[in-house]
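[1] Predicted structure and sequence below. I'll ask about it afterward.
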Amino acid sequence: MNKRIYLKISALAAAFSVLLASGCGGNAASGEKHRHSTQSAESSGFDSTAPDTSAPSQKGISVSTYSPDVFVYDADTDAFIMRSGLSERIYPASTTKLLTALTALSVLEPDTVITAGDEIYLMGEGSSIAYILPGHELTAEMLIEGMLLPSGNDAAYVLAAGAGRALAGDESITPEAAVRRFTEEMNSYAASLGCMDSNFTAPDGLCGSEHYSTLEDMAKISAAAAKNEIILKYARLVFDDVVYASGHTNHWENSNKQLHGDSEFYNPNVIGLKTGSLTDNYCLITLYDEPDGDLYIIGVFGSKHEDDRYVDTREIIKALEAR
């Protein structure tokens, strides 16, 4: 990608930003690095109605973490085995894109071709991008890949606008109206999953304090994502050389350090799912396939330092393996 084009996109994104990105960092931990004491689901007073804890819970685990809000969810038995939160609300950042993908796939066929337009300029300042430009044509599936690998906010907005116009039945509505219609559908879809205490206002998660969720709700969304073949296909992909429907080419790399063999956080048993980054507020949702066949979803939110989320996840995996 030409550096001049990149700078132009960044400048336009800043100029056209309609989101309050700074508000999302308000829930981050502060001060010296310290670990929070977490509890197992059996001893935390956890609300057993979310997501579906009617199945017997396995023996819980306790891990001290840097991240203030953590869950570990058994994807096979639909039960939490650890849940500890210092915050009533969490700010999910780009992990929101799991819900964006699920919602879009409920509206569009994966091979639906969408032409990128001015909705790209609705991105907030500091957005991670997939280098999608107005006039580029991509399928819905390609845009999901662009969200899951380089965590492209541009991909999220193009997908949201395309699905929003389909929902409205009007290809002529403005980018703002299309994205707004899509975010309404995101909240409806989240409610259909049983999410009770979330509010999503943007498809990329880079937003103000009115975009929030809870550990319970993010576990429900993650569990649904872990069952989606298209999301799993790309969440586990380390890199890809992509050819758009319009013939343009791109190289995307996954932002998840757990997937890269040269990273200290590499784990061959990790299958995605999604990273998220705000100022002093980092999060990570991990799908971990334990060697004995058990499948776990690990969510860590509110890390002050970028790598703390990976350290916490690594310690949680050690605790799971030691049970």
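    That came in fine, so what should we check first?
[2] use CA for all of it now, contacts and neighbours both
    OK.
[3] Might you report the residue contacts of residue 97?
    Listed by CA atoms under 8 Å, 6 or more residues apart in numbering, the contact set of residue 97 reads 147-148, 156, 203-205.
[4] Now the buried members of those residues.
    147-148, 156, 203-205 (16 or more other CA atoms under 10 Å).
[5] so, if you compare these, which one comes nearest to residue 313?
    residue 148 (18.8 Å; CA to CA).
[6] Among the contacts of residue 97, show me the least confident.
    Here the lowest pLDDT out of the contacts of residue 97 sits on residue 205, with 94.
[7] So in terms of bridging, what pairs with residue 303?
    residue 282 (DSSP bridges).
[8] cool, residue 250 as well?
    Bridge pairing for residue 250 - DSSP bridges - gives residue 242.
[9] Distance of it relative to residue 142?
    11 Å (CA to CA, to the nearest Å).
[10] Neighbour count for these two, which is higher?
    residue 142 (23 against 15; other CA atoms under 10 Å).
[11] Is that one in a helix, a strand, or coil?
    helix (DSSP: H, G, I helix; E, B strand; the rest coil).
[12] distance between stretch 186-199 and the chain's centre?
    15 Å (CA atoms, centre = their mean, to the nearest Å).
[13] Relative to residue 222, which of the contacts of residue 97 is nearest.
    residue 148 (13.3 Å).
[14] nearest spatial neighbour of the closest one, skipping sequence neighbours?
    residue 235 (5.7 Å; CA to CA, 6 or more residues apart in numbering).
[15] burial count for the one you found?
    29.
[16] For it, give me its contacts.
    145, 148-149, 254, 271-274.
[17] would you list every one of the helices in the stretch 51-200 of the chain?
    96-107, 140-148, 153-168, 175-192 (DSSP state H, counting those that start in this stretch).
[18] Would you reformat the ones you listed as JSON lines and include distance to residue 229?
    Output for the helices of the stretch 51-200 of the chain, formatted as JSON lines (distance: least, CA to CA, whole Å):
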{"stretch": "helix 96-107", "distance to residue 229": "11"}
{"stretch": "helix 140-148", "distance to residue 229": "11"}
{"stretch": "helix 153-168", "distance to residue 229": "18"}
{"stretch": "helix 175-192", "distance to residue 229": "18"}
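[19] With distance to residue 121 added, can I get the buried ones among the contacts of residue 97 in a markdown table?
    Shown next, in a markdown table, are the buried ones among the contacts of residue 97 (distance: CA to CA, whole Å):
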| residue | distance to residue 121 |
| --- | --- |
| 147 | 16 |
| 148 | 20 |
| 156 | 12 |
| 203 | 13 |
| 204 | 13 |
| 205 | 15 |
